[in-house]
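J.: have a look at this prediction, sequence included:
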Amino acid sequence: MTEQINSLEEYHKVYAESTQNPKAFWERQAKTFTWKKPWDETLNWEFETPKIEWFKGGQLNITENCLDRHAKASPDKIAILWEPNDPSAKAKKITYKQLLDEVSKCANGLKANGIKKGDVVVFYMPMVPELAIGVLACARIGAIHSVVFAGFSAQALADRVNDASAKMIICSDYNKRGAKNIPVKKVVDDALHLGCPSVETVIVHQNTAENCDFDISHDIWWHEAVNDQSTDCPAETMNSEDILFILYTSGSTGKPKGVVHTCGGYMVYTCYSFKNVFQYQEGDVYWCTADIGWITGHSYIIYGPLLSGATTMMFEGVPTYPNPGRFWEICEKHKVNQFYTAPTAIRALMACGNEWPEKYDLSSIKVMGSVGEPINEEAWHWYDQKIGKGKAPIVDTWWQTETGGILITPLPGITDTKPTYASYPMPGVQPVLLDAQGKLVEGNNTEGLLCIKYPWPSMIRSTYGDHQRCKNVYFAPFKGMYFTGDGARRDEAGRIRVIGRVDDVINVSGHRMGTAEVENAINEHKNVIESAVVGYPHPIKGEGIYAYIIADGHQGEDTAFAESVREVVKREIGPIAKPDQIVVVTGLPKTRSGKIMRRILRKIAAGEGDKLGDVSTLLNPEIVEEVKRKASEV
Ligand code: WTA
């Protein structure tokens, strides 16, 4: 088993070792896993191309480490504890032995339907055990999984399927969310109608008793594909640097990019970080409320916990169904020991009142995590007092889809915690702050652009099908550095606080949205001439989406038009990208070279239109007054 840090002294010692001699440190962690063939070279890297290889020459299968070794050592231990959407339905307990059998059956089912090593399989599913089983089944046979969050639209799904030339889509008939059944198969059908030429087969998991369209020329029921398969499926031999999965994420350009993670390094880092950040102890019940459609679900519902032999809970539903006490009811029911959620959920539940958490016994909770966006002080204190009762340390974990695992975080009970601070780097992680010119910002009580100067095992290897893009976005901005896109502050004790994105990405309820992506969607509306999207402070979502639109035949406040714009965005991306505020204007403030001045639009959206400073150098300074006036009217 990978090492677990137990004291502050040990953290300092391990951190020093991991940065002075990173190869020896990671080699020691890696040796605790099952490898089919040991590696020849621990690390080979340069951030120019970039080329990053961990445990080169090593061969393994991550599922042997997630499943076989635990199924052998403790077959009856619960691997996945599944809590259904319907609170009166029974929870499912899947042991390590059962999970290994189910994954093997599914893997054989995939093979029988033509899936081979290197093929891409897209998942578009709710939070049911079959999603985790399917993902692991891909890893078992060396197929590449690409999970698409089931809130994305048919268009967004088709874009991701096509970018990766996926051969298969696995979906459910319907997603149960609260009182509603959402037709997921229908979205897949719509995506296929838009054109997904690479898709040969759609496997449909029957999640409800409702009917859905079914085309026997390419649709297969999950139970028919999987149930009669053998429980014996040898694990494919994978090279350490073979692709494990792709996960699409938004950036500052219009098109989402497929972040590529590989087998060996991702395995070592997600396991190591899980065990240390959550201080998981044998017998604990760990719950991460994220959706597997995002990186948090990949690394800290599936891989990190299963690699560690933990009991990981999966929840199908939403925090407010049937009432805003649901999370706390589940914590009591399953005696959850580590609870990991997002600030947006904390704020939403905080707004529902203290009476909800007060109804339940939350004394089992030892560690609480936060992820996805900066957590504000008020939410931090509420979480600390009302959920943790001041006794469960909060780990404010900073990381990204691209980092694969948590990079900056307190270690609970070991390092100190300070509201809104992600605090300290994990062993092996070397963060630095740079100024806009790329000069190192040294000392404490400073601010800068957050970069990482040395590789860690679970870092992004490429952007699928376009390596140059990976270089341009993450490695070209500052020579020899991985650039995160975030701005950060370092306090007097060296703790790091991540303030937020410095690029054109907004963080809506912990979901990354590129402003260009939303603008492209808005511009699909037949009456829209031009649009500009910015983020603005939102009490629950963290950031909301604010759209300024120039439209043909529309002026001023026009709710029907605004609704029609939201519908188009919903169609193009999904409901998560719908603008919260829409202002119709006749022009946008631009520089003399024609660039939209987003700084001005951001200030106006934040209600700080009186703090714009000098706008006289704009191409069209007169438009500012109009934009301010119209914004004040919505
Ligand atoms: C933001 C989620 C402040 C940050 C795991 C980052 C955070 C982006 C934190 C990545 C945190 C994530 N404090 N900001 N603890 N965690 N972020 O790829 O801007 O969905 O760049 O990964 O979320 O979002 P992603």
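T.: Perfect, thanks for sending it. Numbers count the residues shown, from 1 in each chain.

J.: where's the closest residue to S198 other than its chain neighbours, which helix or strand?
T.: With sequence-adjacent residues excluded and distances taken as Cβ to Cβ, 6 or more residues apart in numbering, S198 is closest to S165, at 4.2 Å. (Each C-beta comes from the backbone N, C-alpha and C, glycine too.) S165 belongs to no helix or strand when elements are defined using DSSP states H and E.

J.: and what of V135?
T.: Assigned by DSSP H and E, V135 belongs to helix 129-141.

J.: on that earlier part again, and the residue nearest to S198, how far from the ligand?
T.: S165 sits 23 Å away from the ligand, going by Cβ to the nearest ligand atom, to the nearest Å.

J.: for L440, same thing?
T.: Applying Cβ to the nearest ligand atom to L440 and the ligand gives a distance of 21 Å.

J.: ok, V277 next?
T.: 11 Å.

J.: where does that residue land on pLDDT?
T.: pLDDT, V277: 98.

J.: ok, now Y303?
T.: Looking at Y303, the pLDDT reads 99.

J.: wait, is it part of a strand?
T.: No. Under DSSP: H, G, I helix; E, B strand; the rest coil, Y303 sits outside any strand and is assigned helix.

J.: burial measure for it, as a count.
T.: 32 (other Cβ atoms under 10 Å).

J.: what's the closest non-adjacent residue to it?
T.: Per Cβ to Cβ, 6+ apart, closest to Y303 is T270, 4.6 Å.

J.: measure the one you found to L449 for me?
T.: 26 Å (Cβ to Cβ, to the nearest Å).

J.: neighbour count winner among these two?
T.: T270 (27 against 21).

J.: circling back: hang on, isn't the residue nearest to S198 packed against V121?
T.: No. S165 lies out of contact with V121 (Cβ atoms under 8 Å); the separation is 11.4 Å.

J.: more crowded one of those two?
T.: A direct count of neighbours by other Cβ under 10 Å for S165 and V121 places V121 higher, at 26 against 14.

J.: just to be sure, the more buried one is in a helix?
T.: No. Applying three-state DSSP, one finds V121 to be strand, outside a helix.

J.: what's the nearest residue to L99 once chain neighbours are set aside in contact with, if anything?
T.: Leaving aside its sequence neighbours, L99 sits nearest to A79 (Cβ to Cβ, 6+ apart; 4.5 Å). Counting by Cβ atoms under 8 Å, 6 or more residues apart in numbering, A79 touches L67, H70, I94, T95, Y96, Q98, L99, L306, T311, T312.

J.: try 6 Å
T.: Counting by Cβ atoms under 6 Å, 6 or more residues apart in numbering, A79 touches I94, Y96, L99.

J.: can I get those residues in TSV including secondary structure and pLDDT?
T.: Converted to TSV, the contacts of A79 look like this (DSSP: H, G, I helix; E, B strand; the rest coil; pLDDT from 0 to 100):
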residue	secondary structure	pLDDT
I94	strand	98
Y96	helix	98
L99	helix	98
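
J.: by neighbours, which of the residues you listed wins?
T.: Sorting the contacts of A79 by how many neighbours each has (other Cβ under 10 Å) puts Y96 first, at 25 neighbours.

J.: in the stretch 1-150 of the chain, what residue lies closest to the ligand?
T.: Using Cβ to the nearest ligand atom, the closest approach of the stretch 1-150 of the chain to the ligand is made by F149 at 10.4 Å.
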